[in-house]
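Trainee: Just to be clear, the model below is a prediction. Sequence and coordinates:
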Amino acid sequence: MAKTYLITILLLLVAVCASASNNVENICSQNQTIGTAVVKSLNLSWPGLELAKQAVARGDLGDACEEIATYYRKSNGASWLRIPPVKPGNGLVGGSVDAMVFHDVFSGFPSPSRPCKIGRNADGGLNWTTYGPDDDDEFMNVLNRHEYFTTLLSAWNETGNGVYVKYFDALVQDWVTHLPCNNAKTSLNELENNEKSGCDDCCVPLGTMDTHGLPFCKWDTKTAGGECSTGTFESPWRSLEMGIRLVSAWPKAFYGFQQSDNFTTNGRVLLILAVAEHFKALQVDGGHPGKGTVNWEMTQWQGLLSGAGAWPEIIGSAEAAQTATHFLQALLDSGVYDDGVENEMASGYDIGTASDYIGSLEIIKRAGLPAPPEAYAKKIENMWNYGAYVADPLGCLPQNGDSDICGNGHSFENSAFFNRTDWDYVYTNGKQGTPPTGPDHVTPSVMFPWAGQAVLRSSYLSNATWCWFDVGPFGSNAFHAHKDKLSILLNAYESMLLTDSGRFAYAGNSFSHFRRPYGHETHAHNTLRIDGKQQAQAPALATAPRPTTSWSYETERDIVQGSMPLWDGLQGQAKHCRSIYHQRGKWIVVVDVVSSDRDERAVQATWHGHPNATINISSAEDGMITTIRGVNHATGMPTSAHLAIIPASMNGISPSLATKWDNATVVRGQLQGKDGAIEDQGWYSAHYSDASAAPVAVYASIIYIYIYITYTRLSFYVYS
């Protein structure tokens, strides 16, 4: 039986009568406020917009908007974003796309990760400001990034079914009419304490939690959209979301749908109006919550650059491109070390930023914008060089800071762009590309000296040993960086052996969010604590690269050294020094030295496994030996790879300096306050909103000496 689907939308129409001369019925003729805002947003002297200019001159806003829509449909502007003609059809793609189109069920949220139905308001519009089932503002943020616009475009391109275009068009009209942020001139932070002098029409975007007594912006005749105050953390007009919308979803969908009759004049001109709003709002940078956060501001300015390249007809486009390029260059200089590592110290955000930066090069080239300096492209190349060489033998980035399991730092397209076939060689375990050469690649191991990240590996084969060792600064962003200095991660035989605890949910009321503070703490990582204290969040940034005397890579072995002297709340002074000796591909010795200004300290070492790993502890002459069974990255299933953590013999070491661990226990899923536990321990987050109990071997000792040395041997092997 044939099915007929009807998609309706109730537009926010203000009762303003258009001129009697209007012969065309559309949003511009029905709402003079919006129609005026649309035509004022465009340079009507742009070649091809002559008829629209004539219509404005005779007061016909409806006809002007029809001519604007026709111009974008027929012109060849932003040719790289347009797609070939689509053959009409009635097929459906099914799955999550159809669930969205026919039932308002959206996917891709961080928390909860399952599909969620978005409710509608009394006027029929979507509830764009919902925090979702977990009361997490990231739910609202993701919903308003509109990344599903390109999913709808793909569905239409595949099937030719106009139902996908109609839904897209309806979403655009709904969003733009309900969520104005016009005439942005100030930031919300500048209006604290109700300092509203000279801003009688100030308003805030819908969804703002702390409005400072200001009304929500709306399209009405009095304010013409208001004077929008941006900079808010929790509205859909957060600068991060603005940037994301303009980087990809909006330009791809706008130009991709141009040949469809189901993309209405209303949808076209309203999206143009929203882009013009973004141009102004993105340049109001008065201390928004993301200011100083590289990944956030990078997206903000790349979005502005992308919009300027895609819509040069919008007034202020050239100036927007110049502003974006200026800030992108400044951020690259201040936020990315010379070794290519973004200074937040979280690999997921590092590579996300690298993706945005290479995207900026592509936008500049395609839109014919002025080329940046050579140093700009070179530093972006260094960022992708980091992604290639920091990854483990299966191509997974280290899960340091706020990162998810098995992030990807490689792209064949990027390798070709920079002519770096050595990246392909490393990523494919030697199956493609050319072997690395040069003084930095005499061995497979590599050091990123500014970030203080050492990668010790046995070879470029898939079953190679890989050890990541953090000897660098804390990170520029305390929200994403973890207190994990001198922590190590270890993989071998295509298995995870020592893991990081992950990032957990950033907000909301989920179980994962309540574990997030634990994920930042020192005991959630493979390092030491002294007197139960956490490492200090310092130094935030490196002021110089690591001295070359602190590491040595030779054919048969690697040596790397680092130290941590800063602790929150510690009485007196104590320093943890850790050295790693890697006998290439065979074993690793970890030497921990604790020096103190007093003769009694409690020292604790933690060794973390994956939730599906098995950890066993047995007694031996020199101490307690821990074995950890490895887990496959992709499947999460246990493998035949094992790690033995062996407190090495103290023979030859002065008894006054070397002391055995007093005890060792395995902890899994411990909750503070439950069964007498004083802290959370033994939790793992593979991705945002995840929280799973995971085993941790906890070694503890009370030392009664001023210098304490332990030798721990890490041996990796395979058996069934």
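Mentor: Perfect, I can see it now.
Trainee: doesn't E66 make contact with V38?
Mentor: No: using CB atoms under 8 Å, V38 makes no contact with E66, being 11.3 Å away. (C-beta placed from N, C-alpha, C; glycine too.)
Trainee: Give me the contacts around the lengthiest strand in the chain.
Mentor: When the chain is parsed with DSSP state E, its longest strand is strand 707-718. Residues from elsewhere that reach strand 707-718 (CB atoms under 8 Å, 6 or more residues apart in numbering): 465, 490, 492-493, 497, 587-596, 601, 603, 605, 640-650, 653, 657-659, 661, 701.
Trainee: So among the residues you listed, which ones count as buried?
Mentor: Buried members of the contacts of strand 707-718, scored by 16 or more other CB atoms under 10 Å, are 465, 490, 492-493, 497, 587-596, 601, 603, 605, 641-643, 645-648, 650, 658-659, 661, 701.
Trainee: From those residues, which land in strands?
Mentor: Short answer: those in strands (DSSP E) are 490, 492, 497, 587-596, 601, 603, 605, 641-643, 645-647, 701.
Trainee: tell me which residues form a beta bridge with A693?
Mentor: Legend: beta-bridge partners of A693 under DSSP bridges are W683.
Trainee: what's it in contact with, if anything?
Mentor: 611, 668-669, 682-684.
Trainee: Mind giving me the packing neighbours of the one helix or strand A253 maps to?
Mentor: Taking DSSP states H and E as the criterion, A253 maps to helix 250-256. With contacts defined as 3 or more CB pairs under 8 Å, 6 or more residues apart in numbering; DSSP states H and E, helix 250-256 has these neighbours: helix 148-159, helix 265-282, helix 294-310.
Trainee: 6 Å instead?
Mentor: Judged by 3 or more CB pairs under 6 Å, 6 or more residues apart in numbering; DSSP states H and E, helix 250-256 is in contact with helix 148-159.
Trainee: so whatever helix or strand comes next after the helix it packs on versus helix 148-159, what angle?
Mentor: Sequence order places helix 162-178 as the next helix or strand after helix 148-159, per DSSP H and E. Put simply, helix 162-178 runs at 160 degrees to helix 148-159, going by axes from the mean of the first three to the mean of the last three CA atoms, to 10 degrees.
Trainee: Off-centre distance for helix 162-178?
Mentor: Centroid separation for helix 162-178 versus its chain: 27 Å, with CA atoms, centre = their mean, to the nearest Å.
Trainee: what do you get for stretch 433-446?
Mentor: Per CA atoms, centre = their mean, the centroid offset for stretch 433-446 relative to its chain is 29 Å.
Trainee: Can you get me the start-to-end distance on that stretch?
Mentor: Start and end residues of stretch 433-446 are separated by 19 Å (CA to CA, to the nearest Å).
Trainee: List the contacts of it.
Mentor: 389, 421-422, 424-425, 455-457, 459-460, 553, 558 (CB atoms under 6 Å, 6 or more residues apart in numbering).
Trainee: and which of the residues you listed is nearest to A505?
Mentor: The closest of those to A505 turns out to be V455 (CB to CB; 29.1 Å).
Trainee: Can you pull the phi/psi pair for the closest residue to the closest one other than its chain neighbours?
Mentor: Excluding the flanking residues, the one nearest V455 by CB to CB, 6 or more residues apart in numbering is V446, at 5.0 Å. Main-chain dihedrals, V446, degrees, to the nearest 10: phi -150, psi 150.
Trainee: I'd like the distance between V446 and G407.
Mentor: Separation of V446 from G407 (CB to CB, to the nearest Å) stands at 18 Å.
Trainee: Just the pLDDT for the closest residue to H178 other than its chain neighbours.
Mentor: Leaving aside its sequence neighbours, H178 sits nearest to G125 (CB to CB, 6+ apart; 5.2 Å). Here the pLDDT value assigned to G125 is 96.
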